[in-house]
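could you look at this predicted model? Sequence included:
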Amino acid sequence: MVFKKLLGAMGVGGPSVDTVLANPSTYPGAPLTGQVNLTGGTQEAHIEHITLSLVTRMEVEGGGGDYSATGDFYRLTVAGPTRLQAGQQMSIPFRIDMPWETPITTAYGQPLRGMVMGVRTEVSIARAVDKGDLDPVYVHPLPIQQKILDAFGELGFRFKSADLEHGQIYGVHQTLPFYQEIEYWPAAQYAHAVNEVELTFVTSPHAVEVVLEFDKRGGLFHSGQDTYGRYTVSHQDAETTDWRTVVDGWVRQAVDQHRSRPGYGAPGHGAYGAPGYPPPPPPGYGHGGGYGHHGHHGHYRHGGHGGGMGGAVLGAVGGLAAGYVVGEAVEEVFEDFGDED
């Protein structure tokens, strides 16, 4: 997108900048490439730096309540001091290595409702920094993430929404200042015990931490309370596991967990092994967490407010695809996102 805003700070006849992505679709841990095209104006310009940033929107918990904030979580300087002559054309290639923890924004070929991300180009001339329009970026699930999403859909869970929560998950190593929550309405067979399920992926080059939060229903003589599960799953086993059975085991463990049991929450204990549950998955799955009861979201996740290219056909996997924003509505969401800055 060509910067219209540059004319304001740099004067009429100033340079224009157009950032072009080779392919706006990418994955966590994959490269995002493109080039920044500069065209000189009617006079020489002394550019101090050109910086690209990945920008997204997240929910922040403040003293007066929750609010949405837009910010960057990755910055790359693609050019230092540069002299651009009048009328000169210059192209600067770049490569952004997407952080492994980058949240997914697209599944089954459609944008995930509630998620938006883009690349913003900042140009500094004479200490005046101009931020251009956002170029949208679409982050698709990794194979292991896609398999787990598929499993929830096959079990009958219906996608509700997704967002980013500013903060850290207790006991999980994070490199980004937020985590993603993918929220589901429960499948019919679990609806008697669960109001909703929140799924979080915290990804590294070798594995994915899967964190589940179950909002359990209360009864006549007891109140509902959240139950949490945490599992470490390996990228390499994405295609060799019956994920529907594994995810069903995770959910059943939460539904049937009525009291804390010794050993849960300690490293090395998974959610498997109890009578009547599916057999444990292959090595690399189900490690790390277990289940425990907490009365408040903040006991487990700090800073939050509580609350596809891998798919063949949209809607083929239960209710997951039913909650996507499609068509022109996506562009409107992104325009509103861009206006926040």
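Structure received.

how's the chain carved up into domains?
Listed by automatic domain parsing, the domain ranges of the chain are 6-140+328-339, 143-307.

where among those is average confidence lowest?
Among these, domain 143-307 carries the lowest mean pLDDT, at a mean of 73.

what's the top strand by length along the chain packed up against?
Secondary structure assigned by DSSP state E gives strand 45-62 as the longest strand of the chain. Secondary-structure packing of strand 45-62 (3 or more Cβ pairs under 8 Å, 6 or more residues apart in numbering; DSSP states H and E): strand 31-39, strand 65-79, strand 82-84, strand 89-97, strand 117-125, strand 158-166. (Glycine included, C-beta is placed from N, CA and C.)

can you tell me the strand partners of the second one and which way each runs?
Spelled out, that is strand 65-79. Taking DSSP bridges as the criterion, strand 65-79 sits next to strand 45-62 (antiparallel) in its sheet.

can you give me the buried ones in the lengthiest helix in the chain?
Across the chain, the longest stretch assigned as helix under DSSP state H is helix 243-256. Within helix 243-256, the residues that qualify as buried are 243-244, 246-255, counting by 16 or more other Cβ atoms under 10 Å.

closest one to Val172 out of these, please.
Trp250 (16.2 Å; Cβ to Cβ).

and the closest residue to the closest one other than its chain neighbours, bridged to which residues?
Distances taken as Cβ to Cβ, 6 or more residues apart in numbering put Gly229 closest to Trp250, at 5.6 Å, once the chain neighbours are dropped. Note on Gly229: beta-bridge partners by DSSP bridges are Leu212.

contacts only, for Gly29.
Gly29 sits next to 97-100, 102, 142, 203, 205 when contact means Cβ atoms under 8 Å, 6 or more residues apart in numbering.

so which of those residues is the closest to Ala238?
Leu142 (7.9 Å).

circling back to that earlier point, out of the contacts of Gly29, who's the most crowded?
Thr203 (25 neighbours; other Cβ atoms under 10 Å).

and the residue lying closest to that one once chain neighbours are set aside, what does it touch?
Spatial nearest neighbour of Thr203, excluding adjacent residues (Cβ to Cβ, 6+ apart): Trp100 at 4.6 Å. Shown here is Trp100, whose contacts under the criterion Cβ under 8 Å, 6+ apart are 28-29, 175, 203-205.

which SSE is Trp100 in?
Counting by DSSP states H and E, no helix or strand carries Trp100.

so what's Thr121 bridging to?
Beta-bridge partners of Thr121, as defined by DSSP bridges: Leu52.

ok but Glu239 is inside a helix, no?
No. Per DSSP: H, G, I helix; E, B strand; the rest coil, Glu239 lies outside any helix segment and is coil.

how about it, nearest residue that isn't a chain neighbour?
Leaving out its chain neighbours, Glu239 is closest to Pro143 (Cβ to Cβ, 6+ apart), at 7.1 Å.

that neighbour and Ala79, how far apart?
35 Å (Cβ to Cβ, to the nearest Å).

ok, Ala128 next?
16 Å.
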